[in-house]
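*Asks:* show me how the following folds:
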Amino acid sequence: MQHSESIIYVIFLIFGGTAILSTLALMTRQSLLVAYIALGALLGPWGLKLVKNSAIIKQTGDIGIIFLLFLLGLHLQPQNLLHSLRKMSWITLASSLIFFLMGYLVGHFFHYTLSENVIIGIVTMFSSTIIGLKLLPTTILHHQHTGELMISILLLQDIIAIAALLILQGISDRAFSFQDIGLIVTAFPLLLILGYLFERFILNKLLQRFDQIHEFIFIVSIAWCLSLAQLSHVMGLTEEIGAFIAGVVLASNPISLYVAENLKPLRDFFLVIFFFTIGASFNFDYLPEVIWPAILLASIVLLFKPIIFGWLLRQSGERKKISWEIGVRLGQMSEFSLLVIYLGLQANIVGLRATYVVQAAMILTFIVSSYWVTLRYPTPLAPYDKLRRD
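*Replies:* Reported below is the predicted structural model:
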């Protein structure tokens with residue numbers, strides 16, 4: 001087997017390269033997230049070609065996002081869902097509509113098809129839950145108002161994103177029919193109910209009985225994530241949706257915070273892989289064709305998301321300083337954007353050019369937003385001691 005076909009070789013390159021680039025990033029006070037993306041672009045098929053197997057890259061990225069979505073779901077306790085819906089629903093819906101129109105108009109300006117404009121509008125609606133939580137200190141997440149508002153908005157956006165994924169999942173089937181949509185729409189609540197019942201009557205009892213054995217909790221948590229991911233796939237949904245539901249269902253268990261805390265090293269492991277694959281999967285041959293639409297789309301997202309979120313939050317009675325900070329922290333595109341655009345490509349309703357426009361714009365917003373947050377606000381990845389908070 002050639003090195004480029006070995007997943008062990010790929011992981012070696014990812015973490016060996018990350019260790020070097022992370023050291024350089026910290027010494028030059030750069031963002032670590034940017035280093036991860038840059039490494040993927042450097043080593044990938046359109047860089048040094050050390051990682052040439054696109055299937056390995058995709059599989060590695062898929063595994064990464066499955067575990068990341070599971071860990072994100074652990075922070076979204078169902079008991080807080082109704083409170084979040086009541087408090088932040090109008091802000092999330094209003095901002096999502098505005099962002100959709102902005103993305104749609106960018107696509108229209110560059111003469112993409114109607115379906116491509118709609119997909120570009122959809123992917124512009126969401127902010128990154130991964131970046132939002134990764135760059136938010138634990139103290140803010142658990143004890144301050146800023147974290148509560150961010151989690152509420154991101155949770156509602158995730159629900160909208162899941163709905164979009166469900167629709168695209170049905171359209172992506174070549175033998176698509178209204179009956180297929182019915183099956184897919186039915187599969188989601190069925191999976192949620194099955195997951196809840198299993199957690200309530202079996203998983204919860206196991207975790208309570210052996211809660212002192214940390215290794216057991218670790219193994220069961222991983223098995224739970226992968227089991228619902230596989231069940232979701234069998235039911236016609238994506239593995240990512242199943243992993244996310246596994247996290248949300250387990251979040252109702254009192255042990256969820258302990259699980260999330262102890263899986264942080266695993267989260268960081270897959271975070272590196274996820275951002276590496278973003279850089280490695282971008283086809284730089286398309287860059288001349290997509291650079292200007294991507295720059296315009298990214299610029300609009302980076303400029304207007306903080307302004308719109310800040311204004312809407314001030315209208316709800318929040319202080320100007322908090323409103324602006326939340327807007328900045330949510331001022332990028334989302335990892336869900338990747339899933340939406342890939343399903344759109346699979347459904348033949350977007351072309352490769354539109355796909356790479358979205359991917360390039362997402363990378364640009366990730367990079368600029370990461371710098372903006374780490375240089376301006378408290379974060380675990382801040383380059384300056386006065387801003388570094390765990």
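*Asks:* show me where the stretch 251-390 of the chain has helices.
*Replies:* Ranges of helices within the stretch 251-390 of the chain are 256-262, 264-280, 287-315, 320-329, 335-346, 352-376, based on DSSP state H, counting those that start in this stretch.
*Asks:* same check, this time on the stretch 101-250 of the chain
*Replies:* All helices of the stretch 101-250 of the chain, identified by DSSP H, counting those that start in this stretch, fall at 114-124, 129-134, 138-143, 145-171, 178-198, 204-209, 214-234, 239-250.
*Asks:* for the first one, give me every contacting residue.
*Replies:* Counting by C-beta atoms under 8 Å, 6 or more residues apart in numbering, the neighbours of helix 114-124 from elsewhere in the structure are 99-104, 106-108, 112, 164, 297, 300-301, 333-334, 336-337, 340-341, 344, 349-351, 354, 357-358, 362. Glycine gets a C-beta too; all of them are placed from N, C-alpha and C.
*Asks:* quick one, what contacts S334?
*Replies:* By C-beta under 8 Å, 6+ apart, the residues touching S334 are 123, 126-129, 157, 161, 362.
*Asks:* including distance to N262, could the residues you listed go into JSON lines?
*Replies:* What follows is the contacts of S334, written out as JSON lines (distance: C-beta to C-beta, whole Å):
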{"residue": "V123", "distance to N262": "33"}
{"residue": "F126", "distance to N262": "28"}
{"residue": "S127", "distance to N262": "27"}
{"residue": "S128", "distance to N262": "24"}
{"residue": "T129", "distance to N262": "20"}
{"residue": "Q157", "distance to N262": "27"}
{"residue": "A161", "distance to N262": "27"}
{"residue": "M362", "distance to N262": "30"}
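*Asks:* mind showing which ranges of the protein have poor pLDDT?
*Replies:* 1-5, 54, 61, 75-85, 138-145, 169-185, 381-390 (pLDDT under 70).
*Asks:* from the geometric centre of it, which residue sits farthest away?
*Replies:* Residue farthest from the centre of the chain, counting by C-alpha atoms, centre = their mean, is R209 at 33.4 Å.
*Asks:* on that earlier part again, just the buried ones from the contacts of helix 114-124?
*Replies:* Neighbour counting with 16 or more other C-beta atoms under 10 Å marks 99-100, 102-104, 106-107, 112, 164, 297, 300-301, 333-334, 336-337, 340-341, 344, 349-350, 354, 357-358, 362 as buried within these.
*Asks:* for the helices of the stretch 101-250 of the chain, which one ends up most surrounded?
*Replies:* Highest mean neighbour count of these: helix 239-250, a mean of 26 (counted as mean count of other C-beta atoms under 10 Å).
*Asks:* for that helix, packing partners?
*Replies:* Judged by 3 or more C-beta pairs under 8 Å, 6 or more residues apart in numbering; DSSP states H and E, the packing partners of helix 239-250 are helix 54-73, helix 145-171, helix 178-198, helix 214-234.
*Asks:* how does it look with 7 Å?
*Replies:* Contacts defined by 3 or more C-beta pairs under 7 Å, 6 or more residues apart in numbering; DSSP states H and E place helix 239-250 against helix 54-73, helix 178-198, helix 214-234.
*Asks:* quick one: contacts of that helix?
*Replies:* Helix 239-250 is touched from outside by 65-67, 69-74, 76, 78, 162, 165, 191-192, 195-196, 199, 224-225, 228-229, 231-233, 256, 259, 339, with contacts defined as C-beta atoms under 7 Å, 6 or more residues apart in numbering.
*Asks:* what of stretch 51-66?
*Replies:* Outside stretch 51-66, the residues touching it (C-beta under 7 Å, 6+ apart) are 4-5, 7, 10, 13, 43-45, 229, 239-240, 243, 270, 273-274, 277, 280-281, 335.
*Asks:* which positions in that stretch come out as buried?
*Replies:* 51-53, 56-57, 60-66.
*Asks:* farthest pair within these?
*Replies:* With distances taken as C-beta to C-beta, the most widely separated pair in these is K52 and I66, at 23.6 Å.
*Asks:* gap between the residue lying closest to G195 once chain neighbours are set aside and L231?
*Replies:* Nearest residue to G195 in three dimensions, chain neighbours excluded: V249, at 4.3 Å (C-beta to C-beta, 6 or more residues apart in numbering). For V249, the distance to L231 equals 12 Å [C-beta to C-beta, to the nearest Å].
*Asks:* just L237 next, same as before
*Replies:* Taken as C-beta to C-beta, the span from L237 to L231 is 9 Å.
*Asks:* what touches both of these two?
*Replies:* With C-beta under 7 Å, 6+ apart, L237 and L231 have common neighbours L191.
*Asks:* just the buried members of the contacts of stretch 51-66?
*Replies:* Looks like those have 10, 13, 43-45, 229, 239-240, 243, 270, 273-274, 277, 280-281, 335 buried, using 16+ other C-beta under 10 Å.
*Asks:* and which of those residues is nearest A94?
*Replies:* Of all the buried ones among the contacts of stretch 51-66, A94 sits closest to E335, with 22.7 Å by C-beta to C-beta.
*Asks:* surely the closest one is in contact with F126?
*Replies:* No - E335 lies out of contact with F126 (C-beta atoms under 7 Å); the separation is 8.5 Å.
*Asks:* so what's the residue nearest the centre of the chain closest to, chain neighbours aside?
*Replies:* Geometric centre of the chain, nearest residue: E335, 3.2 Å, by C-alpha atoms, centre = their mean. Nearest residue to E335 in three dimensions, chain neighbours excluded: I130, at 5.4 Å (C-beta to C-beta, 6+ apart).
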